[in-house]
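1. from the sequence below, what's the structure:
(one chain, ligands or ions: 1)
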Amino acid sequence: MQIPERGLSKQEILSALQAFKSHDMDWKAGRVWCYVYNPGQDPAEVMNEAYLSFLTENGLDPTVFPSLLKLETEVVRAVIDLLHGDSQAVGHLTTGGTESIMLAVKTARDKARVERPDIREPEMVLPKTAHAAFHKAAHYLGLKPVAVDIDPQSFQVNPQDIQKAITGNTILLVASAPSYSQGVIDPIAEIGKIAQERSLLFHVDACVGGLHLSFMRKLGYDIPDFDFTVPGVTSISTDLHKYGYAAKGCSVVMYRNKDIRKYQIFACTDTTAYTLINPTVLSTKSGGPMAGAWAILNFLGEEGYKRIIKIVQDATQELIAGINAIPELRVLGRPAMCMFSFASDTINVYQLADEMNKRGWYLQGQFATPLTPRSLHVSVNYGTASNVKALLKDLRQGVERVKQMTPIDSAGIRTMVEAALQAPDPGAAFGQLAARAGLTGTDLPSDMAFINEVLESLPDEVCNVFLVNYFNDLYV
Ligand SMILES: Cc1ncc(COP(=O)(O)O)c(C=O)c1O
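-> Below is the predicted model of the structure:
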């Protein structure tokens with residue numbers, strides 16, 4: 001577009017924006033099984049209004065907007081209490097799981113810089129199932145991620161393997177409650193013990209599970225200890241914009257005490273401008289996400305969350321049983337809550353995902369690794385819970401359809417990729433491969449099965465370069 005000489009009317013703008021959405025997946029109808037967490041119409045309306053009422057207030061300066069200090073403090077304290085932090089525990093609201101994790105890693109790094117100046121190349125030990133946000137944090141902050149194998153049946157890390165990966169350079173241990181990929185909780189209590197014995201910081205990524213697991217426990221589900229009740233856990237991240245059902249842009253990062261948290265906060269008076277004190281990554285930040293989170297916690301209350309969680313858990317059990325009843329499919333591991341993935345030994349699940357896409361559903365593909373089969377991911381939430389039967393019906397039909405389709409020649413693709421890796425000009429060879437996979441230009445790909453096959457067969461480092469180049473071209 002060009003910035004118009006004369007501005008458009010409100011009506012023109014709103015209908016143009018609506019038109020932008022015409023190719024988006026229909027999350028409102030509960031057909032997108034990730035990315036969106038919908039608490040239902042009434043809670044969403046209250047939250048959205050609260051969000052808009054604080055859209056313009058700026059979290060940069062609590063002295064000008066004490067309302068935001070109060071909102072943040074109240075929300076953080078409520079989540080700390082839920083996660084059994086004591087009166088020493090502290091935290092901050094951030095824009096999401098990635099920022100919370102980034103800050104926990106920065107805190108560990110900066111604490112080590114002061115207390116362990118002998119460490120030149122700090123390391124963070126984490127399970128292979130830990131979220132990519134930790135690798136991103138390591139990349140941004142100059143840490144070495146030491147990723148530990150997980151058990152290929154339970155998809156949990158073995159604490160002894162964490163123990164073995166610790167070196168004199170280790171400054172932080174990480175575990176998930178639960179992991180995104182298979183939805184299982186790592187052995188947090190055992191890892192906490194190791195953290196205490198080795199005097200290491202230990203971050204629990206409860207971005208997904210912080211609220212949902214806590215309320216499940218209150219409902220009487222059998223949930224192992226994963227929060228501040230575990231001695232040795234020094235920080236936790238919990239996203240309000242996932243299973244807290246808050247509007248996007250809201251997560252909590254929490255620490256066992258202020259002595260740890262102080263390494264998160266950044267102050268700068270070294271310029272000619274205003275005094276800058278930032279506890280989180282952003283400086284200017286809207287009050288909207290804070291007000292939205294405060295509103296949804298108070299609107300739903302414990303009763304509302306428990307009601308939602310019971311519905312979601314019942315739907316999850318029905319969906320897992322239904323998927324396992326399809327002979328070609330099997331759910332992986334024993335998911336702790338409402339997030340899981342399923343694989344197949346006989347059909348290509350990437351083709352199944354495309355087939356489901358044609359039927360209006362979005363299921364997210366996850367590449368195979370040496371320890372995990374390729375799979376499709378499902379996050380059940382309140383907004384999708386009523387669609388379980390419809391999804392299962394289409395899954396059954398989708399599987400039958402894929403069985404009739406020409407299978408993708410995985411071995412042929414691997415040979416092609418290996419040839420490209422050996423080519424005298426790998427850049428050009430990958431360009432051709434990208435073109436064949438439909439990963440070029442500014443058009444978004446539609447059929448993902450072939451693309452996923454190609455990407456999956458690339459070595460990780462090559463795949464990452466491939467994807468960086470693709471995004472470099474996709475955006476202006
Ligand atoms: C376990 C886990 N941690 C961290 C994140 C990153 O959260 P965000 O996308 O809000 O940055 C995710 C996202 O799905 C996640 O599942």
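
2. ok and the residue in this structure nearest the ligand?
-> G97 (2.3 Å; CB to the nearest ligand atom). C-betas here are computed from N, CA, C, even on glycine.

3. strands along the stretch 151-300 of the chain, start to end?
-> Using DSSP state E, counting those that start in this stretch, the strands found in the stretch 151-300 of the chain span residues 170-176, 201-205, 235-239, 251-255, 266-268, 276-278.

4. identify whichever of the ones you listed lies nearest to A321.
-> strand 170-176 (24.7 Å; CB to CB).

5. pull the longest helix from this protein.
-> The helix of greatest length in the chain, counted in residues with DSSP state H as the criterion, is given as helix 288-324.

6. what's the angle between that one and strand 251-255?
-> Here the directions of helix 288-324 and strand 251-255 differ by 100 degrees (axes from the mean of the first three to the mean of the last three CA atoms, to 10 degrees).

7. check which residues of helix 288-324 are buried.
-> Within helix 288-324, the residues that qualify as buried by neighbour count (16 or more other CB atoms under 10 Å) are 288-297, 299-300, 304-305, 308-309, 311-313, 315-316, 319-320, 322-323.

8. which ones among those residues come in contact with the ligand?
-> Judged by CB under 6 Å from any ligand atom, the overlap between the buried residues of helix 288-324 and the neighbourhood of the ligand is nil.

9. after the longest helix of the chain, heading C-terminal, what element do we hit next?
-> Tracing the chain past helix 288-324, the next element assigned as helix or strand by DSSP states H and E is strand 330-331.

10. ok, residues contacting that next one?
-> Contacts of strand 330-331 with the rest of the structure, by CB atoms under 8 Å, 6 or more residues apart in numbering, involve I320, I323, N324, F340, S341, F342, A343, S344, D345.

11. test my guess that the fourth one contacts S179.
-> No: contact status for F340 versus S179: not in contact, 10.5 Å apart, counting by CB atoms under 8 Å.

12. what is the mean pLDDT for the one helix or strand D110 maps to?
-> For D110, the host element (DSSP H and E) is helix 97-115. Here helix 97-115 scores 98 as its mean pLDDT.

13. helices and strands around that helix, which ones?
-> strand 90-94, helix 132-141, strand 170-176, strand 201-205, strand 235-239, strand 251-255, helix 258-261 (3 or more CB pairs under 8 Å, 6 or more residues apart in numbering; DSSP states H and E).

14. was I right to think T440 contacts A434?
-> Yes: checked against CB under 8 Å, the pair T440 and A434 is within contact range at 5.2 Å.

15. so those two - more neighbours on which side?
-> Shown here are T440 and A434; by other CB atoms under 10 Å, A434 has more neighbours (20 against 16).

16. and that one, what does it touch?
-> For A434, the contact set (CB under 8 Å, 6+ apart) comprises T440, F466, N469, Y470.

17. please produce TSV containing the residues you listed, extended by secondary structure.
-> Shown next, in TSV, are these (DSSP: H, G, I helix; E, B strand; the rest coil):
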residue	secondary structure
T440	coil
F466	helix
N469	helix
Y470	helix
